[in-house]
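Chemist: requesting a structural model of the entry that follows:
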Amino acid sequence: MASADARADGPTDGPSNGEASQRAELERRIGHRFAAPRLLQQALTHSSVSGTDKAEVVSYERLEFLGDRVLGLIVADLLLERFPDEPEGALARRHAFLVSREALAEVARGLELGRFLRVSKGEAEAGGRANPSMLADVCEALIGALYRDAGLESARSFVLPRWEPLVRQDRKPPQDSKTALQEWAQGRGLPLPSYSEVERSGPAHEPQFTVAVEVSGHRPEQGAGRSKRLAEQDAATRLLARLRGDGGQG
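Modeler: Numbering: from 1, shown residues only. Have a look, this model is predicted:
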């Protein structure tokens, strides 16, 4: 179990009165008072923030890495309890939706996390506080911060009431986007969709993939993810949404 020993990285200078007030408001919203406030500050700090010494700036990326794993565990346990008779494949599809960036961003918007983000002036002017990807990242970082401050049960107490409504949105497991796109193409007598890797970036321990998908006779679409499989799913979701939006229902 994680301890409350202020394990966050970075400098230890205290927050301003305004930051302390904002922190207190967010703590009320999430129902947890941090024993190590530096963890919450780190969870809310985007890498665009820089001081006199760039090396001293510690963003939410490390806590995001942890929060991703903690959320995955909590959601997996939740699904086993809620759907005791479902096979692994159906549970996996539910899990993929519940830990997706869309689900995380929805929770983040409900908490108005964008208000509390520490970003550079340029990032703020570019709309960073409303960026769904950034909101998803900081939501994961917040879960990681809760885990490090007070352990798994604290993180679970945050996750369960906010993810339960997402679980109840659809009692049937969501259809795999790649399968749905394949069925769309086959239903029109078209060849199977083709996928190709466009780009691979980021550090070796946490790469980011960009993948393109194409259906014969239609413009390709790109998607991104932390694995090729997730990037393919994202690309398929985007292409299918566009094809259906163009009038190709079914």
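
Chemist: what secondary structure does the residue of the chain positioned farthest from its centre sit in?
Modeler: Farthest-out residue of the chain from its mean C-alpha position, per CA atoms, centre = their mean: Gly189, at 36.0 Å. Classification of Gly189 using DSSP: H, G, I helix; E, B strand; the rest coil returns coil.

Chemist: how far away is it from Gly217?
Modeler: According to CB to CB, to the nearest Å, Gly189 and Gly217 sit 11 Å apart. For every residue, glycine as well, the C-beta is placed using N, CA and C.

Chemist: bridging residues for the closest residue to Arg238 other than its chain neighbours?
Modeler: What sits nearest to Arg238 in space, not counting adjacent residues and going by CB to CB, 6 or more residues apart in numbering, is Glu221, at 4.6 Å. Counting by DSSP bridges, Glu221 is bridged to Val213.

Chemist: what's the biggest helix in the chain, counting residues?
Modeler: Across the chain, the longest stretch assigned as helix under DSSP state H is helix 61-82.

Chemist: what is that one packed up against?
Modeler: helix 37-43, helix 88-98, helix 132-150, helix 152-168 (3 or more CB pairs under 8 Å, 6 or more residues apart in numbering; DSSP states H and E).

Chemist: quick one: average confidence on that helix?
Modeler: Averaging pLDDT along helix 61-82 yields 96.

Chemist: same check on stretch 149-165?
Modeler: Averaged across stretch 149-165, pLDDT comes to 97.

Chemist: quick check on Leu192: phi, psi?
Modeler: Leu192 adopts backbone torsions of phi -60, psi 150, taken as degrees, to the nearest 10.

Chemist: going forward can the numbers begin at 27, since that is how I track them
Modeler: Got it, first residue is 27 now, which makes that one Leu218.

Chemist: what about it, neighbour count?
Modeler: For Leu218, the count of nearby residues is 11 (other CB atoms under 10 Å).

Chemist: now do His244
Modeler: Neighbourhood size, His244 [other CB under 10 Å]: 16.

Chemist: same check on Glu166?
Modeler: For Glu166, using other CB under 10 Å, the count is 27.

Chemist: and what of the one 10 residues further on?
Modeler: The burial metric for Ala176, expressed as a neighbour count using other CB under 10 Å, is 21.

Chemist: and what of Thr205?
Modeler: Around Thr205 there are 12 residues (other CB under 10 Å).

Chemist: Ser222 sits in which helix or strand?
Modeler: Applying DSSP states H and E as the criterion places Ser222 in strand 220-227.

Chemist: for Thr236, pull up the helix or strand it's in.
Modeler: Per DSSP H and E: Thr236 is located in strand 234-240.

Chemist: that strand - contacts with which helices or strands?
Modeler: Judged by 3+ CB pairs under 8 Å, 6+ apart, the packing partners of strand 234-240 are strand 220-227, strand 247-251, helix 254-271.

Chemist: re the thing from before, which stretch among the helices and strands packed on helix 87-108 comes nearest Ala261?
Modeler: Closest to Ala261 of the helices and strands packed on helix 87-108, according to CB to CB: helix 114-124, at 14.4 Å.

Chemist: would you mind listing the buried residues in the next helix or strand after the closest one?
Modeler: Going down the chain from helix 114-124, the next helix or strand is helix 127-137, by DSSP H and E. Across helix 127-137, burial judged by 16 or more other CB atoms under 10 Å covers 127, 129-134, 137.
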